[in-house]
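Engineer: Build me a model from this:
(chains A and B)
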Protein chains: 2
Amino acid sequence: MKKLFNAADRMADDMIDGFVAAYAPVVVRGAHPRVVRRRHPKPRDEKVALVIGNGSGHEPIAMGFVGEGLLDANVVGDVFAAPSADLILEGIREVTGEAGAVLLISRHEGDVINGQAAVMDALDEGLKVRPLLMYDDISSAPKGEEEERRGAAGTIFIYKILGAAAETGMALDDLVALGEDVRARTRTLGAAIAPGVSPLTGQPMFALPDDEIFIGMGVHGEPGVARRKIGPVGDLVGFMMDELLADRPIEAGTPTVALINGSGGTTRMELLTVYREVAAILDARGVPTTSPVIGSLSTTQETAGFSISLLTATPSMLALWEAPQASPDFPRIYGAGAGR
Amino acid sequence: MKKLFNAADRMADDMIDGFVAAYAPVVVRGAHPRVVRRRHPKPRDEKVALVIGNGSGHEPIAMGFVGEGLLDANVVGDVFAAPSADLILEGIREVTGEAGAVLLISRHEGDVINGQAAVMDALDEGLKVRPLLMYDDISSAPKGEEEERRGAAGTIFIYKILGAAAETGMALDDLVALGEDVRARTRTLGAAIAPGVSPLTGQPMFALPDDEIFIGMGVHGEPGVARRKIGPVGDLVGFMMDELLADRPIEAGTPTVALINGSGGTTRMELLTVYREVAAILDARGVPTTSPVIGSLSTTQETAGFSISLLTATPSMLALWEAPQASPDFPRIYGAGAGR
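Structural biologist: Numbers count the residues shown, from 1 in each chain, chains lettered A, B, ... in the order given. This next block holds a predicted model:
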């Protein structure tokens, strides 16, 4: 397998070594070596902590988003494996004080089971913690069954907006309610172009004919909803935007944030071209776009593909989305331009 | 070819459309549609402008580094093709005032020829402009023939440090001298693991056996200096660091900045692991590391590979390296950590 690692059983640990060495001014390893937390947290009795556990192999999400104005701790699982309930509990313990904590859970089976078990254990210990399930992928369950959907790149809206809100001192229940509101306003649809190689098997994670793409494939190669011949990117994005806007229509005049996420092996040239098409489609419908993020943030190794996430943000959500943060890997957000 | 584009002859233009739409608060298209410049430049008679032209297909470099504290303008060529002298001249004209301009030229044949011709034409027009050749790749010419070397990811040190210096009002000749000093203190060595696909041909850009890597290959597949069997990343990085430190020894106690650049198709997990090995090797030699950058900044489509660049920065260089900037794509730099 042509990947850069020392030993299969050290992939996540070696990565964390490099991460905490590189970004030591802002992050530090927790008491447990698989917990990465902020180096300088606010007094934990004054601020609700945001914690997430996830399998590694999808970087920079979520470890790269630990920092001021974002996450308080990330619990790092093995490659593509949800961390155990006990491990997630370690992360919750490290950062939870009187103000409590939100455990963010991207809705995938192992993450939900282990995350909910960790919350139960934390409650048993007298810690004030609430889970927030995150789901946004419209291809994983039909309209009307939103709570059955998977978490995809649109979860990044929740990370950032709740991160900024927690920094202002927002209380636990209000944070969870805000997260639910962001979730309700977010939709994501992805496309898979070509597989990356699994570090676990050394093999491609799925198979696709040379001229076909999947619409709606999950981050580990879960089945999509449609296959299409590859063609001009404008046609592909047009199809995907029709699906997104059918699932949750956006009225003209509603400020909308687009997040174009790369799966790892798609170039920045391509992602910028996708954004061009998304912005043009929204513009033609009279929908103003603002404060986009374009980047390979939630990846699946070097898989080629991308997703489009749309958030119709309230003014206060938008302010939180645009608020400064200090994490190693979250991109800069620049708002809406003059002269658009 | 499984790439996301509308038409082969519109790749660069469509990409620029997306870029200036997404980052309109900080960048704007120039009078010529292939020139991207800052939206809000300082009065151009008070600040030396920094301009660079380059072929597209290597994003985010260099377009993504246009912004306050960094570049004033980028002239965007076709995929893998240096922009013409006339086009580079358009970029110089747009941002050059009384204070003058530095044209940064990464040392590749077409870029040098066209860049130097553009400088001559600009001088003929009465513009005050100086070229700065950038070269850092130790695999492309032997020690003692540094000026024959190619530009590689270590050029990013020059962009950032000169960008911050120009913002302080440094004069043209001083900026060029500073750039030469940064260049003299920088060394880079890369490794190619697996080819990306050229958008021009739809074919892989080079061929490598399944268990081999090239050391020192250039960004378009130019021949390397050695082939190695792939093995533990610590062994590979050890070999590369020996080469780098033989080319330019670093004394114990000399603060050193490492830049780990991904070629596009190498995961963040792998790049962080490479940094772990680099930092450990420097630490074992008593060399303190500070303010690293780890990211896929100078890419060649989805090529798998990486490079290590080392800069032994003076205190003033380091301050400029760490100075704030406001570009779409340059990463945050966090300095050296407490408790390293």
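
Engineer: C-alpha only now, for contacts and for neighbours.
Structural biologist: Noted.

Engineer: for chain B, what are the nearby residues on the stretch 201-340 of chain A?
Structural biologist: A:210-211, A:230-234, A:264-270, A:272-277, A:279, A:290-293, A:301-302, A:328-329, A:331-332, A:334-340 (CA under 8 Å from any CA of the partner chain).

Engineer: Can you tell me which of those are buried?
Structural biologist: Those of those that meet the buried threshold are A:230-231, A:233-234, A:264-270, A:272-277, A:279, A:290-293, A:301-302, A:328-329, A:331-332, A:334-337, by 16 or more other CA atoms under 10 Å in any protein chain shown.

Engineer: Distance from stretch A:301-318 to the middle of the chain?
Structural biologist: 9 Å (CA atoms, centre = their mean, to the nearest Å).

Engineer: mind listing the strands for chain A?
Structural biologist: For chain A, the strands defined by DSSP state E cover A:27-29, A:35-38, A:49-56, A:73-79, A:101-106, A:129-134, A:186-194, A:212-215, A:226-229, A:256-262, A:293-295, A:304-312.

Engineer: Now tabulate these in CSV and tack on mean pLDDT and distance to residue A:85.
Structural biologist: Formatted as CSV, the strands of chain A follow (pLDDT from 0 to 100; distance: least, CA to CA, whole Å):
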stretch, mean pLDDT, distance to residue A:85
strand A:27-29, 97, 19
strand A:35-38, 97, 13
strand A:49-56, 98, 9
strand A:73-79, 98, 10
strand A:101-106, 98, 12
strand A:129-134, 98, 13
strand A:186-194, 96, 28
strand A:212-215, 93, 32
strand A:226-229, 90, 35
strand A:256-262, 98, 29
strand A:293-295, 98, 31
strand A:304-312, 97, 29
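
Engineer: partners of the residue lying closest to residue A:203 once chain neighbours are set aside in the sheet?
Structural biologist: Nearest non-adjacent residue to residue A:203, counting by CA to CA, 6 or more residues apart in numbering or on different chains: residue A:197, 5.2 Å away. Assessed by DSSP bridges, residue A:197 has beta-bridge partners residue A:204.

Engineer: For residue A:197, which residues are in contact?
Structural biologist: Counting by CA atoms under 8 Å, 6 or more residues apart in numbering or on different chains, residue A:197 touches A:203, A:204, A:205, A:301, A:302, A:303.

Engineer: Put together a markdown table for the residues you listed, with distance to residue B:167 on each row.
Structural biologist: Shown next, in a markdown table, are these (distance: CA to CA, whole Å):
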| residue | distance to residue B:167 |
| --- | --- |
| A:203 | 49 |
| A:204 | 47 |
| A:205 | 47 |
| A:301 | 38 |
| A:302 | 37 |
| A:303 | 39 |
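
Engineer: so which of these comes closest to residue B:38?
Structural biologist: Proximity of the contacts of residue A:197 to residue B:38 (CA to CA) peaks at residue A:302, which lies at 32.0 Å.

Engineer: Please tell me I have it right and that closest one contacts residue B:266.
Structural biologist: Yes - counting by CA atoms under 8 Å, residue A:302 touches residue B:266, with 6.7 Å between them.

Engineer: shared neighbours, these two?
Structural biologist: Residues touching both residue A:302 and residue B:266 by CA under 8 Å, 6+ apart: none at all.

Engineer: The least confident helix or strand in chain A by mean pLDDT - which strands sit beside it in the sheet, and in what orientation?
Structural biologist: The weakest-scoring helix or strand in chain A, judged by mean pLDDT, DSSP states H and E, is strand A:226-229 (a mean of 90). Applying DSSP bridges, strand A:226-229 is found paired with strand A:212-215 (antiparallel).

Engineer: Residues in contact with the strand it pairs with: which ones?
Structural biologist: A:139, A:189-194, A:208, A:224-230.

Engineer: One more pass at 10 Å, please.
Structural biologist: The contact list for strand A:212-215 (CA atoms under 10 Å, 6 or more residues apart in numbering or on different chains) reads A:139, A:189-194, A:207-208, A:221, A:223-231, A:236, A:239-240, A:304-307, B:2.

Engineer: Drop anything exposed from those residues.
Structural biologist: When neighbours are counted using 16+ other CA under 10 Å, the contacts of strand A:212-215 contain these buried positions: A:139, A:189-194, A:221, A:224, A:230-231, A:236, A:240, A:304-307, B:2.

Engineer: Enumerate every residue touching residue A:92.
Structural biologist: Residue A:92 makes contact with A:35, A:49-53, A:72-75, A:86, A:100-103, A:118-119, A:122, A:127-129, according to CA under 10 Å, 6+ apart.

Engineer: now swap in residue A:129 and tell me
Structural biologist: Residue A:129 sits next to A:48-51, A:92-93, A:96-97, A:99-103, A:118-120, A:122-123, A:172-173 when contact means CA under 10 Å, 6+ apart.

Engineer: Now it. Nearest residue, chain neighbours left out?
Structural biologist: Spatial nearest neighbour of residue A:129, excluding adjacent residues (CA to CA, 6+ apart): residue A:101 at 4.7 Å.
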